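Colleague: Structure for this input, please:
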Amino acid sequence: MGSEGPTPAVTVHVTGFKKFHGVAENPTEKIVSNLQDYMNKRGLPKGLVLGSCTVLETAGQGAIVPLYQTLQSAVSRDTTASNSGTVIWVHFGVNSGATRFAIEHQAVNEATFRCPDEMGWKPQKVPIVPADGVISRIRETSLPVEDITKSLAKMGYEVMTSDDAGRFVCNYVYYHSLRFAEQNGVKSLFVHVPLFLTIDEETQMQFAASLLEVLASLH
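Modeller: Got it, this is the predicted structure:
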């Protein structure tokens with residue numbers, strides 16, 4: 001593609017997680033692994049490019065290097081797109097006790113893991129990024145969480161906004177991603193999904209596709 005003509009308005013990169021303590025099958029691993037094929041069949045929304053789909057280890061410190069490699073490689077690849085369009089990271093995580101989807105508004109600079117992560121780390125009340133200072137420091141997404149949630153609710157999904165992404169790996173990854181997004185002129189969003197036992201796989205795939213459609217329509 002030359003420099004002339006329209007460039008994509010929105011490029012979305014997606015991550016999910018592998019299994020972890022108490023969750024043998026993580027729905028986000030399936031969602032993210034199957035999303036490219038699913039969107040190819042369904043048809044991508046106008047003006048949207050689905051960039052990378054990456055499944056992360058459910059780990060904090062031990063998974064930070066691959067997380068940053070993933071974030072950085074996409075930014076390098078998107079340099080041309082981001083000059084004229086928007087780059088959005090969407091991170092999917094599971095909340096096994098949830099009955100609805102949750103669009104997370106913010107992350108907190110605190111790692112207090114209720115159980116060890118998949119690499120055996122179990123921090124208690126430590127700052128995720130020591131350079132950011134206190135564990136009560138909050139980073140918020142620059143995306144319109146309320147509007148996104150309303151749009152998805154209108155489509156018939158059981159969805160809510162949330163101000164608490166927990167203190168486990170989901171919050172850990174979201175905090176790093178929000179910090180990275182701010183430094184690199186991109187956007188970041190975290191979405192919690194229930195187990196497939198609560199909301200079946202097909203509905204969750206439709207939800208992920210609908211979320212991409214909503215994000216594409218923001219610009």
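
Colleague: now the strand or helix carrying residue 149, how far from the chain's geometric center?
Modeller: In the assignment (DSSP states H and E), residue 149 maps to helix 145-154. From the chain centre to the centre of helix 145-154 is a distance of 16 Å (CA atoms, centre = their mean, to the nearest Å).

Colleague: Can you pull out the low-pLDDT segments for the protein?
Modeller: 1-8, 77-84, 219 (pLDDT under 70).

Colleague: what about the residue nearest in space to the middle of it, which SS state?
Modeller: Nearest residue to the geometric centre of the chain (CA atoms, centre = their mean): residue 91, 1.2 Å. State at residue 91, reduced to three classes by DSSP: H, G, I helix; E, B strand; the rest coil: strand.

Colleague: distance of it from residue 154?
Modeller: 23 Å (CB to CB, to the nearest Å). Yep, even glycine has a C-beta here, placed from its N, CA and C like the rest.

Colleague: which residues does residue 196 contact?
Modeller: Shown in contact with residue 196 (CB atoms under 8 Å, 6 or more residues apart in numbering): 25, 27, 30, 204.

Colleague: give me that answer again for 6 Å
Modeller: Contacts for residue 196 (CB atoms under 6 Å, 6 or more residues apart in numbering) come out as residue 27.

Colleague: List phi and psi for it.
Modeller: Phi and psi for residue 196, reported as degrees, to the nearest 10, are phi -60, psi -20.

Colleague: Next one: it relative to residue 58, how far apart?
Modeller: Noted for residue 196: a distance of 17 Å to residue 58, by CB to CB.

Colleague: Could you do residue 89 as well?
Modeller: From residue 89 to residue 58 the distance is 17 Å (CB to CB).

Colleague: likewise residue 95?
Modeller: Noted for residue 95: a distance of 13 Å to residue 58, by CB to CB.

Colleague: between those two, which one's more packed in?
Modeller: Neighbour totals were compared for residue 95 and residue 58, and residue 58 leads with 27 against 21 (other CB atoms under 10 Å).

Colleague: sec struct for that one, please.
Modeller: coil.

Colleague: so who does it touch?
Modeller: Residues in contact with residue 58, defined by CB under 6 Å, 6+ apart, are 17, 18, 20, 117, 118, 169.

Colleague: what sits against the last one?
Modeller: Residues touching residue 169, when contacts are defined by CB under 6 Å, 6+ apart, comprise 58, 60, 117.

Colleague: Can you report phi and psi for the nearest residue to it once chain neighbours are set aside?
Modeller: Nearest in space to residue 169, with sequence neighbours left out and distances taken as CB to CB, 6 or more residues apart in numbering, is residue 58 at 5.2 Å. Note on residue 58: backbone dihedrals following degrees, to the nearest 10 are phi -80, psi 80.

Colleague: wait, is residue 14 part of a strand?
Modeller: Yes - under three-state DSSP, residue 14 sits within a strand.

Colleague: just checking, it touches residue 89?
Modeller: No - applying CB atoms under 6 Å, one finds residue 14 not in contact with residue 89, separated by 7.9 Å.

Colleague: Neighbour count: these two, which is higher?
Modeller: Legend: neighbour count by other CB under 10 Å for residue 14 and residue 89, higher for residue 89 (28 against 24).
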